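**Student:** I would like the atomic coordinates for the input below:
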Amino acid sequence: MKTGNKIHTNTKTSKPKAILVGVSMPDTITSDISLEELEGLATTANYDPVATLTQNLAKINPKTFLGSGKVNELRLAVEHHEPEVVIFDEELSPRQNRELEVILKCRVMDRPWVILEIFNDHAQTREAKTQVELARMKYSLPRLTGMWGHLSRQRGGIGMKDVGETQIQLDKRMIRNEIHKLEKKLIQIDKEKKTQRKNRQGTYKVALVGYTNAGKSTLMNYLTGANTLVEDKLFATLDATVRKIKKNFPYPVILSDTVGLIAKLPHDLVASFKSTLDEVRDADLLIHLVDLSHPEYDEQMRTANDLLDEMGVTDIDILLAFNKIDSLPNSEVLDRVLHDHPSSIGISCKTKQGIDSLRQKMVSHYEKNMSSYRLELKHSQSILIQEIRKHALVLKEDYTSNGIILNLRLAAGSKAKLESILKQAIKQN
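**Tutor:** Numbering: from 1, shown residues only. Alright, predicted model coming up:
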């Protein structure tokens, strides 16, 4: 499919057809890459994009978003292609959504709603399903009149079963009641997650972050032996995965693979994913993975950084890792970004190039944040040393007539775990 007003027709597909619409404005330029990303989102959401229209706008039309001439052109394209949906690359107001559906006589969606559809399809755990459903309901509430067709397309959403059959009975009060129930459910889930995170205190925690499809799941699988789904599509994985790094690392490490970030991510979705994003906020180190082979990698990197700022992640160390260097035509791009970001690293999750250097940078970060600690044990407590090694780096062991003196290096949070081990040993004696 070509970007622009030229129409490409595909009559062999059984998927719902979609026309994509993008705009370029003085302050927010929509590039061909952005529309290609929208095409990827539409395809992931199981639509078949058959045409793309674009318009340069000096200002947004408050009624129809586009200018009247382009709306008429879009109406003619809809009559020609008979798509099930028209998808805009920007967020539409409830009024714009309604007006366009009246004019075009077909369903109209915006980019945030497509992302919510994808998240709904890919959510697997109770937590993710609840988070996505809450975001969908909050987004649909002001758009209630025109959204039932969208909601009925979904299967088995929490609180939204058989939406197509009950759309007349469902009203804003019911939606608000469901939102209240889902918020209460998420509060309980958040408490459970906090307990899980508390049990991991004293363990070095690393979280993988970055733009969707940057290679986080591939890196996660290699470092931990996990079997996270790896697929060349947007949001192939949604639920956060937490695993231990099992080999080639001298310290206990918990690695989290978090949901991919993307431009124009719905605000309600960011807010709903509080407990998932707490995996990021609770980390000792973030590895920001960037797809260096992407033509707009720098824009994707900025988008990810802006979203991390929105999440409140401002005081956590970040290691920048430029992935997919095996796909670069030459080394000039890599040399330039490494020069611009001196503490960054170039890797390939596919060929494993640079992975050992990445692992060493993780070790160096761990050791940099360790503190010295002196511990005295009785000879009868020597059995504890093996357990202590799981939570501290033992630099030296001195056996004297009075006991054992250990010179240790502790990571942040390990002291409390160490003291807990000693208290438990005293109780048993």
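**Student:** break down the stretch 151-300 of the chain into its helices, ranges please.
**Tutor:** With helices called from DSSP state H, counting those that start in this stretch, the stretch 151-300 of the chain shows them at 163-166, 172-199, 216-224, 267-272, 274-281, 297-310.
**Student:** weakest of these by average pLDDT?
**Tutor:** Least confidently modelled of those is helix 163-166, at a mean of 48 by mean pLDDT.
**Student:** ranges for the strands of this protein?
**Tutor:** Using DSSP state E, the strands assigned to the chain run over residues 17-24, 48-56, 85-88, 107-110, 204-210, 241-244, 253-257, 285-291, 317-323, 345-346, 371-377, 392-399, 404-410.
**Student:** the second one versus strand 17-24: what angle between them?
**Tutor:** Per axes from the mean of the first three to the mean of the last three C-alpha atoms, to 10 degrees, the angle that strand 48-56 makes with strand 17-24 is 20 degrees.
**Student:** give me the average confidence score over strand 48-56.
**Tutor:** Mean per-residue pLDDT for strand 48-56: 93.
**Student:** what about Leu100, how many neighbours?
**Tutor:** 26 (other C-beta atoms under 10 Å). Where you see a C-beta, it was placed from the backbone N, CA and C, and this is true even at glycine.
**Student:** that one is in contact with Val86, isn't it?
**Tutor:** Yes - the pair Leu100 and Val86 passes the contact test of C-beta atoms under 8 Å, sitting 7.2 Å apart.
**Student:** quickly list what's touching both of those two.
**Tutor:** Common neighbours of Leu100 and Val86 (criterion: C-beta atoms under 8 Å, 6 or more residues apart in numbering): Val108.
**Student:** so which of the helices of the stretch 151-300 of the chain gets nearest Ser140?
**Tutor:** For Ser140, the closest of the helices of the stretch 151-300 of the chain is helix 172-199, at 7.2 Å, according to C-beta to C-beta.
**Student:** so where's the stretch 301-429 of the chain uncertain?
**Tutor:** 412-413, 428-429 (pLDDT under 70).
**Student:** go on, the stretch 51-200 of the chain?
**Tutor:** Scanning the stretch 51-200 of the chain for pLDDT under 70 picks out 144-171, 197-200.
**Student:** so what's Ile87 up against?
**Tutor:** By C-beta under 8 Å, 6+ apart, Ile87 lies in contact with 18-21, 38, 42, 47, 49, 108-111, 114.
**Student:** one more time with 7 Å, if that's ok
**Tutor:** Shown in contact with Ile87 (C-beta atoms under 7 Å, 6 or more residues apart in numbering): Ala18, Leu20, Val21, Leu38, Ala42, Met109, Val114.
**Student:** beta-bridge partners for it, please?
**Tutor:** Applying DSSP bridges to Ile87 yields these beta-bridge partners: Leu20, Met109.
**Student:** for Ile187, see how far away it is.
**Tutor:** Distance of Ile87 to Ile187, given as C-beta to C-beta, to the nearest Å: 34 Å.
**Student:** go on, Trp113?
**Tutor:** 26 Å.
**Student:** please say which of the two ends up with more neighbours.
**Tutor:** A direct count of neighbours by other C-beta under 10 Å for Trp113 and Ile187 places Trp113 higher, at 24 against 11.
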